[in-house]
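Participant: Attaching a predicted model along with its sequence, questions to come.
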Amino acid sequence: MAVLLAGCGAQEAAAPPSSPSPTSSSVSVPDQWNQLAARAEKTYVPKDAFLPDAPWNRDHPATPGGYEDTTQEVSTVCGGLKISSGFKVSRNRLWRGEHTVVWQDVHALSADKAAMVVEQIQAKARSCATYARTAGKPERAVTPDVAVTPPTGFDGFYAFCETATDIKPGQLNCQALLARGDLLVGFGSNVVSDDPAHAQATALRQLHRMMPVVAQALAAV
């Protein structure tokens with residue numbers, strides 16, 4: 001059985017103006033970190049966005065302005081990808097219902113352009129059919145270039161799906177990446193089903209329903 005996320009019918013966000021960057025040669029690293037953290041947190045989708053199917057579950061870090069335990073990694077697909085320069089401030093929001101899991105990752109980048117990172121993740125997703133995310137666990141099978149209509153007015157977009165049977169039998173997730181200036185937003189849904197094709201179709205429908213909400217939040221920053 002697969003589950004479908006419903007009730008995420010926000011209007012499509014209008015094309016935003018070009019995103020300002022806080023980066024300046026006169027800005028110290030702590031100041032820039034704080035600015036990036038504030039921008040990342042403003043990009044969060046509202047906690048009640050996916051009710052009633054998926055109530056808000058948690059934020060990481062739990063406290064606004066807090067330091068996250070993070071690496072330079074922005075994606076794990078096909079061996080993973082790290083940013084090439086500078087540093088990033090990352091935020092994660094999770095919604096969890098009885099049968100539905102929806103998540104959002106925000107990366108505010110100090111040096112790299114988010115659109116360039118999207119292109120690099122796209123190349124990664126196209127570079128392998130399967131990969132092992134965790135040693136000794138089942139490999140993940142990657143479906144690149146899935147058909148998700150991108151919102152207009154942003155700097156970059158890409159979507160792919162992958163199995164996640166290393167976490168739970170029958171689990172599959174589809175995820176998308178949206179870029180605007182120095183902000184990279186990843187978002188996705190997890191579906192568990194005995195039928196992989198049905199699981200992917202369900203996860204893609206969830207992505208389509210999440211898209212206007214995520215785009216609206218990013219456009220407002």
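Facilitator: Sure thing, it's come through. Numbering: from 1, shown residues only.
Participant: Show me how far the helix or strand hosting residue 198 is from its chain's centre.
Facilitator: Using DSSP states H and E, residue 198 sits within helix 196-219. Its chain's C-alpha centre and that of helix 196-219 lie 11 Å apart, by C-alpha atoms, centre = their mean, to the nearest Å.
Participant: packing partners for that helix?
Facilitator: strand 101-109, strand 156-163, strand 171-180, strand 183-192 (3 or more C-beta pairs under 8 Å, 6 or more residues apart in numbering; DSSP states H and E). Backbone N, C-alpha and C define where each C-beta goes, glycine included.
Participant: got these as JSON lines, with mean neighbour count columns?
Facilitator: What follows is the helices and strands packed on helix 196-219, written out as JSON lines (neighbours: other C-beta atoms under 10 Å):
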{"stretch": "strand 101-109", "mean neighbour count": "24"}
{"stretch": "strand 156-163", "mean neighbour count": "23"}
{"stretch": "strand 171-180", "mean neighbour count": "25"}
{"stretch": "strand 183-192", "mean neighbour count": "25"}
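Participant: so can I have TSV of those strands showing mean pLDDT and distance to residue 141?
Facilitator: Below are the helices and strands packed on helix 196-219 laid out as TSV (pLDDT from 0 to 100; distance: least, C-beta to C-beta, whole Å):
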stretch	mean pLDDT	distance to residue 141
strand 101-109	96	19
strand 156-163	97	5
strand 171-180	96	9
strand 183-192	96	15
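Participant: Can you lay out those strands as CSV showing distance to residue 29?
Facilitator: CSV is the format used below for the helices and strands packed on helix 196-219 (distance: least, C-beta to C-beta, whole Å):
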stretch, distance to residue 29
strand 101-109, 13
strand 156-163, 26
strand 171-180, 23
strand 183-192, 19
